[in-house]
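Novice: Provide a 3D model corresponding to the input given below.
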Amino acid sequence: SQQEVRKVSESIKYNHPLRKCVDTILKKCPTEYQERMGRNMDDYEDFDERQNSYPSEKSLVKLHKQVIYSVQRHRRTQVQWEILLEQAFYLEDVAKNETSATRQFVHTFRSREPENKIIQYFYTPTVEWYWECLLRPWFYRVLAVVLATFSVIVVWSECTFFSTKPVLSLFAVFIQLAEKTYNYIYIEMACFLTIFFLSICVYSTVFRIRVFNYYYLASHHQTDAYSLLFSGMLFCRLTPPLCLNFLGLTHMDATISHKNTQPTAYTSIMGSMRVLSFIADGFYIYYPMLVVILCIATYFSLGTRCLNLLGFQQFMGDSEMTSDLIDEGKELIRREKRNRQRQEEGENRRR
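Specialist: This next block holds a predicted model:
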């Protein structure tokens, strides 16, 4: 895109009618590129349409679109690269400080973000060492066990929520036990934790989904407008079935529990799953069981392996290409680390 912009800027002079379009395109380019390009004002000769061929306005519109996309992708890649560098340096610091005898966390590089004095007062190097090197790994292990237990409960309840006699869905069992004792606080907490965990499972996939690397959410405000619209539509479409699935797991939907109870506010407005009898009695019952197949495929990374076989490059630990990429990544990190060390040494000399 930069070469095309340069060619267009050199061919369309300051007195050409389309020069304002070229200036608009140049404004979307990075500042250093604009300074390097200049306004090409060194040639004041009048343009002659008979001698030169000039791009049309339609081609300039297309070039403008390409420049916007390229600049945004370049900026996004730079931000993601900086984030990866910070993560790599942080992990190296954690590995080095694990064997520290002083039990004080020492950073290789100073933080580029302004430090909060209140956080510095409480989050001392000693506290940071205990958290990063001792407590944090165990916290993640305990959290993994808790979330794995919740996941097993969700999968079991998804496969058995259609059974009302006996009630096999664990979420429905917990809610019904609380109903018998009229423990409304327990009911509210159980409902909140259930739908909270389901929401995390559903919505977290939207943050990681990629459609041909064109539609996806990028961190640090690097998501383009099209990806935001696409993800927003996904969020809106996922919320109603998520709520209906929650009511089915807890047997609060009358079509599941087969009880003449007062309908919930959601089902009274949005309706229930019983639209067509043959779908409600068959498809809605057995379709959630496919979550077991999905769990097995996720555990064995079948999706990644299938995409890799189809030619879509994926990160796989047992691949020769992956080992080459890992070695290349290590070399890039070492090079960036040396560059940053030289920069800090130069700044220290100036001081």
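Novice: what's the burial count for residue 169?
Specialist: Residue 169 has 25 neighbouring residues, counting by other CB atoms under 10 Å. Just so you know, the C-beta spots here come from the backbone N, C-alpha and C atoms, and that holds for glycine as well.
Novice: how much space is there between it and residue 198?
Specialist: To residue 198, residue 169 is 13 Å away according to CB to CB, to the nearest Å.
Novice: where in the stretch 201-350 of the chain is pLDDT low?
Specialist: 212-213, 255, 257-258, 260, 272-282, 284, 312-320 (pLDDT under 70).
Novice: mind listing the helices for it?
Specialist: For the stretch 201-350 of the chain, the helices defined by DSSP state H, counting those that start in this stretch cover 225-249, 254-257, 265-270, 277-278, 284-286, 290-299, 302-309, 320-350.
Novice: Could you break the chain into its assigned domains?
Specialist: Here the domain parsing of the chain from automatic domain parsing is 2-74, 117-299, 300-351.
Novice: Export those to JSON lines and append columns for distance to residue 108.
Specialist: Shown next, in JSON lines, are the domains of the chain (distance: least, CB to CB, whole Å):
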{"stretch": "domain 2-74", "distance to residue 108": "28"}
{"stretch": "domain 117-299", "distance to residue 108": "14"}
{"stretch": "domain 300-351", "distance to residue 108": "8"}
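Novice: Grab the most central residue of the protein for me.
Specialist: residue 207 (3.5 Å; CA atoms, centre = their mean).
Novice: Relative to residue 31, how far out is the residue nearest to that one when sequence neighbours are not counted?
Specialist: Computed as CB to CB, 6 or more residues apart in numbering, the closest residue to residue 207 that is not its neighbour in sequence is residue 217, at 5.2 Å. Applying CB to CB, the value for residue 217 to residue 31 is 27 Å.
Novice: what's the burial count for residue 161?
Specialist: 25.
Novice: Give me the phi and psi for it.
Specialist: Here the main-chain torsion angles of residue 161 (degrees, to the nearest 10) amount to phi -70, psi -20.
Novice: pretty sure it is touching residue 252, no?
Specialist: No: in this structure, residue 161 is not within contact of residue 252 by CB atoms under 8 Å, at 10.9 Å.
Novice: Quick one: list the elements packing against the helix or strand hosting residue 71.
Specialist: Element membership of residue 71, judged by DSSP states H and E, is helix 57-97. In this structure, helix 57-97 packs against helix 2-11, helix 19-27, helix 320-350, with contacts taken as 3 or more CB pairs under 8 Å, 6 or more residues apart in numbering; DSSP states H and E.
Novice: how does it look with 6 Å?
Specialist: In terms of contacts (3 or more CB pairs under 6 Å, 6 or more residues apart in numbering; DSSP states H and E), helix 57-97 is packed against helix 19-27.
Novice: Now do whichever helix or strand comes after the helix it packs on: distance to the chain's middle.
Specialist: The C-terminal neighbour of helix 19-27 among helices and strands, as given by DSSP H and E, is helix 31-37. Helix 31-37 sits 32 Å away from the centroid of its parent chain (CA atoms, centre = their mean, to the nearest Å).
Novice: Take helix 31-37, keep the C-alpha atoms, and write them as CSV.
Specialist: Output of helix 31-37 as CSV, limited to C-alpha atoms (Å, rounded to 0.1, in the frame of the first residue of the first chain):
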residue,chain,number,x,y,z
THR,A,31,3.2,10.4,10.8
GLU,A,32,6.7,9.2,10.0
TYR,A,33,5.6,8.1,6.5
GLN,A,34,3.9,11.5,5.9
GLU,A,35,7.1,13.3,6.9
ARG,A,36,9.1,11.1,4.6
MET,A,37,6.7,11.6,1.7
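Novice: Would you mind listing the buried residues in that helix?
Specialist: In terms of neighbour count (16 or more other CB atoms under 10 Å), helix 31-37 has no buried residues at all.
Novice: quick one: which of the domains of the chain is nearest residue 90?
Specialist: domain 117-299 (8.7 Å; CB to CB).
Novice: State the number of residues packed around the closest residue in space to residue 76 that isn't next to it in sequence.
Specialist: Spatial nearest neighbour of residue 76, excluding adjacent residues (CB to CB, 6+ apart): residue 222 at 4.1 Å. Neighbour count of residue 222, defined by other CB under 10 Å: 17.
Novice: what do you get for residue 194?
Specialist: 21.
Novice: wait, isn't it in contact with residue 171?
Specialist: Yes: if you go by CB atoms under 6 Å, residue 194 and residue 171 touch, sitting 5.5 Å apart.
Novice: Now do residue 194, the pLDDT please.
Specialist: What the model reports as pLDDT for residue 194 is 90.
Novice: just the angle between the strand or helix carrying it and helix 225-249, please?
Specialist: Element membership for residue 194, per DSSP H and E: helix 184-208. Angle of helix 184-208 versus helix 225-249, following axes from the mean of the first three to the mean of the last three CA atoms, to 10 degrees, is 150 degrees.
Novice: now for helix 184-208, which elements pack on it?
Specialist: Counting by 3+ CB pairs under 6 Å, 6+ apart, helix 184-208 packs on helix 170-181, helix 225-249.
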